[in-house]
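Trainee: fold the following, please.
(5 chains)
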Amino acid sequence: MEFSPSQLIFYLLSFIIIVSSIYVVTLKNIFHSAIFLILTLFSVAGIFILLGAEFLAVSQVLIYVGAVSVLMIFAIMLTSRLASKKIVQSNEQVTTAIFICAGFLLISLGSFANTVWRVNTEPLPENNIMTIGQLLMTDYVLPFEVVSIVLLAALIGAIVLSRKAGA
Amino acid sequence: MEMPAYNLRIIIPEVFLFIWATLVILLDLGTGRKNTKSLGWTAMFGLLITGVLLCVTWGGITFNNMYTSDALSVLFKVIFLGAAFMAIGSSFGILTDKIKNHRGEYIGLILYSTVGMMFLASSSELISLYIGLELTTIPLFILAAFFKDDRLSVEAGLKYFVVGAFSSAILLYGLSLLYGLTGTTDIVQMKINLSLLFLSYGKIGPGLILAIVMIIAGIGFKLALVPFHMWAPDVYQGSPTPITGFLSVGSKAAGIIAFSRIFVNGLIAFADSVMKPLDWGIIVAVMAAAAMIWGNLAAIRQDNIKRMLAFSSIAQIGYIMVGMVSASELGIASIGYYMFLYLFANMGAFAAATFFGDRTGSDKITRYAGLSQSSPAFAACLSVFMLSLAGIPPMGGFAAKYLVFAAGIQAGYTWLVILGLLMAVVSLYYYANVVKVMYFAPSESIFDLKLSFTARLVLAIAVVGVIIFGVYPEPIIKFALDSATAFAF
Amino acid sequence: MLQYLALAAILFAIGVFGVLTRRNAIGILMSLELMFNAVNINLVTFNKYVGGDVLAGQIFSLFVIVIAAAEAVVGLAIVLLLYRNWRGIDVDRINVMKW
Amino acid sequence: MFEYALSSLIFIPVIGFIVVMFLPKDNFGLIRWTSALFSFVPFVISVWLTYDYFILHSSSAAMVYVEGPFTWIPALNAQYFLGVDGISVPMLFLTGLLGFLSILASFNIVKRVKEYFAFFLLLIAGMMGVFCALDFFLFYVFWEVMLVPMYFLIGIWGGPRKEYAAIKFFLYTLFGSIFMLVAILVLYFTSEPHTLNMLTLIQTAPAFSRSLQIMCFAFFFIAFAIKVPVWPFHTWLPDAHVEAPTAVSVILAGVLLKMGTYGMLRISWPMFPEALRYFAVPIALLGLIAIIYGALVSMAQKDLKKLVAYSSVSHMGYCMLALGAYSSVTALAGCMFQMVSHGLITGALFLLVGVLYDRAHTREIAAFGGLGVKIPVYTGLMVLFSMASLGLPGMSGFVSEFMVFIGAFSHPGFMVITALAVLGVVLTAGYMLRMVQRVFLGEFNLAKWGGLTEINFREIVTVAPLAILTIAIGVYPAPLSNLMRATLENLINLMAR
Amino acid sequence: MLEKAFFIPFYPLLAFLVIVFFTRWKEKLSSGISIAMVLLGFLHSLAVLIAMLGRDGRPLELAYTFIDHPSIKLELGMWIDGLTAVMLMVVTIVSSCVQIYSLGYMKDDPRWSRYYSYLSLFTFSMLGLVIANNFFMIFIFWELVGLTSYLLIGFWFEKKSASDAGKKAFITTRIGDLGFIVGLMILVAYAGTLNYQEVFAKVTSGAIPANIIALAGVFVFCGAVGKSAQFPLHVWLPDAMEGPTPVSALIHAATMVAAGVYLVARAMTLFAGSASAAMVIAVIGMITSFIAATIALTQNDIKRVLAYSTCSQLGYMIMALGLYGVDLAHDPHTHSVGYYAGTFHLMTHAFFKALLFLGAGSVIHAVHTNDINDMGGLSKKMKITTTTFFIASLSIAGIFPLSGFWSKDEIIAATVHHPFFMTVTLLIAFMTAFYMFRLCFMTFTGEPRDKHRFEHAHESPKSMTGPLIALAFLSVFAGWVGLPWLKHGFSWFVYHGEHQVHHPNYILMVVSTVVALSGIGLAYLVYYKKAISADAIAERFKPLYKLSFNKWYFDEIYDAVIIKPVLGFTRVLWWFDANIIDGAVNGSGWLTVKWSDLKMWFDKYIIDGAVNGLGYICQAGSWALKFIQSGSVQFYALFMLGSAVGFVIYRVTPDGFYYYLAGVVILALARLLSRISRTNRLKTEPDIEG
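Mentor: This next block holds a predicted model:
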């Protein structure tokens, strides 16, 4: 079996994603977890590029890495005390969870392999950033507008909840 | 690039409500966060206007087939508006006593969530459906945790959030698979594509089942459908009571319409016998059965009225799902009617619980003892709600159950109907228990609840709705049946 | 195409595992982000290989990213509340309400 | 008869319910007399109706005074459809009479008077509705509507274990009626075109498949059997009777139990003749068991009211036996007679037990003795109704039992069952006489019961009509028999399909 | 007057209603009305009798419909023939006498009005019974006399023994009625009618199978067994003596107990339709007669002696009627005199037995005791009573030319073709003479054994002696209407089938007289002359004596007694014999109560338990509730995903359901394990709360 460069890159990225995401969910130090989360997210952005979704990759980096992860690190710093690092960071249902996740994984993989998928009929548009922009303003203008309300609501909610002064 | 000419008329109600909600928040800021009642009244007034606008403007499909304003969506939008109206109406006590700083946000978030539900109700495409769902849910995460110093409330918020986001991810996973199978996000197109796929390959494979189950799990969370229900009692108990009511009616109705859009409209082809192995009906039927059993049996043991109502609403969703699995015109109509009556009965019950809680600070059912003597009207109202939920004629709950079970029988789910009816008998036990406590127990603590005007208004609306639409359900059923024709069976 | 789906499934499963087992609330949030990313990989993969509506998958995943961000914000706000009320963010201690 | 007579029977009490709700809470007299009025008017109408039916319509089996079918919920094909024939008219009369008398007998209620009478009027409305309805949906609604006031009446004004009794009654009967609902729905969707009209279904249902008939029949039977109550579904009855206030017991025994047998006769018997043939013998056996069992259990009772309650089980057993012998007009007429007569007699017995309880505050049979010396009129009435209950000729109980016996006996294959059922006559005599002896005969305890007062005028007024009717039917049953004869013959033809 | 005969029962009914509703508080008026009405009835009956004599006993029928159904038409009506006319006379005469007599006897009773109302009601019922034209109607009045009997036996209800006896009487007779009802049901089922004549027509025409006739006959006869106190249901009659003595005279001697005999006579065609049924009747009659006679020999209670005597005499009549039926079944043109004998004896017995009871009442009134050992020598103080009592005794013993002689003679004549019956009959006649005169001598002659009582004894007032005299007159002469030499005597008037011409049988007359005289003679020797010691005889035949004295142990060990299997009796009746015969009241009533206790238990725990089972399910559910609703949000998520995975497995795999089940079990176990490990870990972990 021959590896094309893109495949090589894919397996490399996959390896990084899987390993670092396992770290994310298992490391005792939550701060380290956050770092590995950022690594994972970066790698996913790489996958997006492999799949020809450059705009998405950019958004991923901007929104996740730039905003969400930083926010999380702040939150970790606010809430976690270093003293608690030694404590077991996973709860008692690890065994069960492993079973369930493994089951889920097996089923998913088995299902995918046995399913008839539609065949690709047309290639992706060349300039998909442009196309995405157009689509967002035309076909998908409604969700585009509504999602702004979601963000507004989340914003207001976050402010309400995090304000310290009594309820 | 040119903007296609969309029919903007049919989204006027949503747009108006969004603007109005923002105005309410601004009003609160502008008036120095002092006004309570005027905010509430403004919001309720806005809901009324929205309702009027809705009636004037509905009908049509636009935004690239993403947004459908059909009769079904109107029926559900009325339910959302009603739920929001009653939730705000019953929040006056909380707004006065417990929430000092963020009254505008509280009301605004309820309205935002309502806007989300309304979008959801009209979505006929997966992306907008998902976004509508999130717009419904995210404000509710915040509202559940709105009593920031109250551990129960915060716990409720956390649990709601974790389970909500988790199920949202599961739902997305399912939606992505569905997209992958059909190559489209348009529900009607999806159905066509699936049929074509099936016709050309003779099979589709387990991927579809995975997708279906994932989607059921994702929306099942919103419905609190067993086995995706477990957050519900905790969240219902911990949240501010009006929010609990809103959750149990509005958010649930939103889930139901999403469910029916995806499954009854989109995947209906798989309910027929040729493709029996892919049928989602049996899964939902099993879950409905589980919901009825679990909800009713668990509710018997509860001594907290909110928790009891939480389990009861789990059971109620089981009944509704009987109509859903019927996947027929009558089934959809029965769901619409059921939810409509459920709006009055359940919101009424939660409103009553709110007023009682405001006054006494307790949600214990035993504290209701002797209310029939001290506050006869209140006790009578609550009894009506309970009997309606139990499905005793002439309350509306009876006609609703009748319709749902009729649909079940018609679709051949006799076992499910018998089970449901048996469980309805069981449910009577705990519903009647509330009545019993109020009426039979000797009244030890005689106190008058001294209901405020809004409280009386909310209770009156609910009681009148339950009885009027119970005795003369024809207009609603007619409308629901008409709305069901939107689905091609 | 299947390898992308497999990657997504693995990532999703790991995310699920994190949600199910992390005691730290922020850990749960991070695991949720993993799950959303897995979904996104799915969507983009399908967009490329299955086709159909032009770029619907990419746009879908764009919205998913945005909404995931919004949820993260709200989630973190709730985590702060937890911290204030419990002086800690261990999720499995937060079970006052049960049964 | 004026138009909408049946509706007025149903809705006058409802109006009364609303009116009473708006009366001042403390004006007991006003409340009592208002509700008496609102129950008296339906009573008068029911008497008039009975008379009118007897004169004008008793020769044919057709439904008369028909109202509707008016469209009610077209989406469900539910209609407002009322009508009566020879088997509903006596029941309406009984309901009117017992409703009015029970309201009179309730005048001594002093606890939460307003609610009491309001619920009572609602109860009367529900019962009237059941006997008039010809649409399944309507029938079911009335069937259930009744439960709610009953629940409150037992639960609030009942005895020490009222809560248990009330919820048991509610749950038990609801449990039964859900099966009826399923059967109704199945029938609805099986019939073409879909209909809930009982009369249409009676015409079309026998064409349904055998298994479907058997299933529907069984489901209806469970619902009705619980109401009757047929052994072994009877255990709600003693509790409900014992805990219920006097007037409610009267209604419970006098009217509610009849709904079960009425339902069988009106609905499931003519509708599923094939299933009926399949189930006839088991039904008669259940009746036989109820007769013997009820009587034996009655004999062991220490509580006066419980004794009367169990005697109901025994007496309704005769109805079941008769219903099993579906081929005989005499048996079915005996069943109807038994329904009427049991309503009168047991109603009166409950009233009388209530009278004694009001004075003595106990119903323990062993606590009494020799009361015949102190309260002879009361004793006389009690003995009269005991005798009526044990089927003494000259009173209605005898006529009904005799007709049941001779009718059932001539039904093919029922000889042994019927002959065994006759045992019930002796057993009934046994427990009734034992009760009479231990309460009224023997040594009188002057120290304990010296203060006992004789039955008063109001109480006599409540019992007297029942006594008169009991004897009247016993002496001259032909009118009642003629009233329902044509209807029953028609029913038998339907069952013979 | 004849067509209006159905008025006769209504006179006393009117009296009853008037007393109950209007004159309850005016005691004298009540009794006056009652007596007036019964006398009116008597006059009317007399008119009817005369009218009937004029028609040579040709019957008359009138009826109105009670209930009309295709399968059965029930009617109320009257059937008047010779038998009816005679019975009407008997009932009204005895009733009149008793009512007048009661004026004295019940003088100081506080419930005077009630007593008369009951008597009127009884008279009404009895007259209705007699006049009935169908089985349905006779059954109605049959039950009504049972009711009034119950009320009158228990008239002094403060006495427990009295109320017990009433109940026992009612229930025991009802056991018989049970058979009666079954018999009626059979008749309805096969004949389709209950009218006497229609039923008889069907029986004779052979429209009903013979075995059904036998069955119906035996069942209908059950009613007579109960009411006429025949073996094995005779136990109630002696106890019924707890009632006032005039009541005993009226009901338990002259009229009600005769109803059974009347029924047998009335429905003779039915019984004669089957020889075996008729034989059952004859045998039952004989057994009763014999047993009762032997018991009467040794009893010391004056009324009980008379009660057993009544049993015995009723058995006589029934035996005679039964034998007639047997003969008739074998030969449709039989010359058997059984029918005539039975009905004739029914009439004469009514008079002299009423007289005996009233006489006994007079004695009891005087000495306030029932025990003949406390009496003696009363003839000195109570001339009229003594005389009339002796007349009655002679009559019942069958001494020429008293009425008893004529009727009893006919009964013996009826047995001529049945030697065994004849032997027993003569034996009974002997015993009858003996015990009656034992009673007479013990009571009225010799030295007073209780001085104190004797001192206070006095002759009864005129209201009591008057009826005694009237009845004594009848006891002497009533039998003369049946003198064998009369061409148109009793047998011409009261007949079955066709008029019977009767021929005297002089040998039998002599034999019966000899038997009777020897019985009297023995009694004279033992109790008057004391030539033979009664105690010595008792000692000599100790087992027999004890048997007799203890009434054959019927009441004590009824179920231990092995009753001779009786033809035609069903196993059902057997069961009743062995268990419930002494009423569901005293002896085996215990068993019933115990049994129903058991049923109560069953009711309470098993059937109710099934209902409450729901509660247990809920209990189990609550464990599951605690298990799943653990409060841990991560477990909620786990459960959600686990279920989803389960559903997928369920739908994807062929044996999905089992995988699913296995998955649930594994999940549950894992959860359980983790809970355990969690509790362990929490112990070791430091608290991190600040």
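
Trainee: from here on, just use CA atoms for contacts and neighbour counts.
Mentor: OK.

Trainee: which parts of the stretch 1-150 of chain D sit against chain B?
Mentor: Selection of the stretch 1-150 of chain D residues close to chain B by CA under 8 Å from any CA of the partner chain yields D:Trp72, D:Ile73, D:Pro74, D:Ala75, D:Val141, D:Phe142, D:Glu144, D:Val145.

Trainee: does stretch D:60-68 come close to chain E?
Mentor: No - counting by CA under 8 Å from any CA, chain E has no neighbours in stretch D:60-68; the shortest distance is 15.0 Å.

Trainee: residues from chain B in reach of chain D?
Mentor: So far as CA under 8 Å from any CA goes, chain B lies against chain D at B:392-394, B:405-406, B:409-410, B:414, B:417-418, B:421-422, B:425-426, B:428-429, B:432, B:436, B:439-440, B:472-474, B:477-478, B:481.

Trainee: now do the contacts for the closest residue to chain D within chain E.
Mentor: Shortest chain E-to-chain D distance, computed as CA to the nearest CA: residue-wise this is E:Glu158, at 3.9 Å. For E:Glu158, the contact set (CA atoms under 8 Å, 6 or more residues apart in numbering or on different chains) comprises D:Gly370, D:Leu441, D:Gly442, D:Glu443, D:Phe444.

Trainee: which of the residues of chain B next to chain D count as buried?
Mentor: Buried members of the residues of chain B next to chain D, counted by 16 or more other CA atoms under 10 Å in any protein chain shown: B:392-394, B:405-406, B:409-410, B:414, B:417-418, B:421-422, B:425-426, B:428-429, B:432, B:436, B:439-440, B:473-474, B:477-478, B:481.

Trainee: got any ranges where chain C has weak pLDDT?
Mentor: Low-confidence segments of chain C (pLDDT under 70): C:52-53, C:99.

Trainee: which residues of the stretch 251-400 of chain D lie near chain E?
Mentor: D:293, D:296-300, D:328-330, D:370, D:392-394.

Trainee: the residue in the stretch 51-200 of chain D that chain E sits nearest to: how many residues sit nearby?
Mentor: Closest contact between the stretch 51-200 of chain D and chain E, by CA to the nearest CA, is at D:Tyr172 (8.5 Å). Applying other CA atoms under 10 Å in any protein chain shown, we find 21 residues neighbouring D:Tyr172.

Trainee: just send the residues of the stretch 1-150 of chain D next to chain B back as TSV, with distance to chain E too.
Mentor: Shown next, in TSV, are the residues of the stretch 1-150 of chain D next to chain B (distance: CA to the nearest CA, whole Å):
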residue	distance to chain E
D:Trp72	37
D:Ile73	36
D:Pro74	38
D:Ala75	36
D:Val141	25
D:Phe142	25
D:Glu144	20
D:Val145	23
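
Trainee: columns distance to D:Leu469 and neighbour count on top of the residues you listed, output as CSV?
Mentor: CSV is the format used below for these (distance: CA to CA, whole Å; neighbours: other CA atoms under 10 Å in any protein chain shown):
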residue, distance to D:Leu469, neighbour count
D:Trp72, 38, 18
D:Ile73, 41, 18
D:Pro74, 43, 14
D:Ala75, 45, 19
D:Val141, 31, 22
D:Phe142, 28, 24
D:Glu144, 30, 23
D:Val145, 29, 22
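
Trainee: returning to that earlier point: quick one: secondary structure of the residue of chain E closest to chain D?
Mentor: Using DSSP: H, G, I helix; E, B strand; the rest coil, the structure places E:Glu158 in coil.

Trainee: repeat for D:Glu3
Mentor: Each residue gets one of three states, and D:Glu3 gets coil by three-state DSSP.

Trainee: quick check: closest non-adjacent residue to it.
Mentor: Closest residue to D:Glu3 apart from its sequence neighbours, by CA to CA, 6 or more residues apart in numbering or on different chains: D:Tyr65 at 7.4 Å.

Trainee: tell me the contacts of that neighbour?
Mentor: Shown in contact with D:Tyr65 (CA under 8 Å, 6+ apart): D:Met1, D:Glu3, D:Tyr4, D:Ala5, D:Leu6, D:Leu82, D:Gly83, D:Val84.

Trainee: which one of those is nearest to A:Gln93?
Mentor: Proximity of those to A:Gln93 (CA to CA) peaks at D:Leu82, which lies at 63.3 Å.

Trainee: count the neighbours of the closest one for me.
Mentor: 26.

Trainee: okay, it and D:Met63: tell me how far apart.
Mentor: Per CA to CA, to the nearest Å, D:Leu82 is found 9 Å from D:Met63.

Trainee: with B:Val286 instead?
Mentor: Taking CA to CA, one finds B:Val286 at 45 Å from D:Met63.

Trainee: how far out from the middle of the chain is stretch D:454-467?
Mentor: Centre-to-centre, stretch D:454-467 and its host chain are 20 Å apart (CA atoms, centre = their mean, to the nearest Å).

Trainee: is chain E contacted by that stretch?
Mentor: No - judged by CA under 8 Å from any CA, stretch D:454-467 and chain E are separated, with a smallest distance of 12.9 Å.

Trainee: report how many residues lie close to the residue of chain C found nearest chain E.
Mentor: Nearest residue of chain C to chain E: C:Lys98, at 4.2 Å (CA to the nearest CA). As a burial measure, C:Lys98 scores 19 neighbours (other CA under 10 Å).

Trainee: could you find the closest non-adjacent residue to E:Trp156?
Mentor: E:Ala162 (6.3 Å).

Trainee: could you tell me how many residues sit around E:Ala531?
Mentor: By other CA under 10 Å, 11 other residues sit near E:Ala531.

Trainee: how about it, what does it touch?
Mentor: For E:Ala531, counting by CA under 8 Å, 6+ apart, the contacting residues are E:Leu525.

Trainee: what values do phi and psi take at it?
Mentor: phi -70, psi -30 (degrees, to the nearest 10).

Trainee: so E:Leu270 touches E:Ala201, yeah?
Mentor: No - counting by CA atoms under 8 Å, E:Leu270 stays clear of E:Ala201, with 9.5 Å between them.

Trainee: ok, these two, which is more surrounded?
Mentor: Per other CA under 10 Å, whichever of E:Leu270 and E:Ala201 has more neighbours is E:Leu270, with 26 against 15.

Trainee: give me the pLDDT value at that one.
Mentor: For E:Leu270, the pLDDT comes out at 85.
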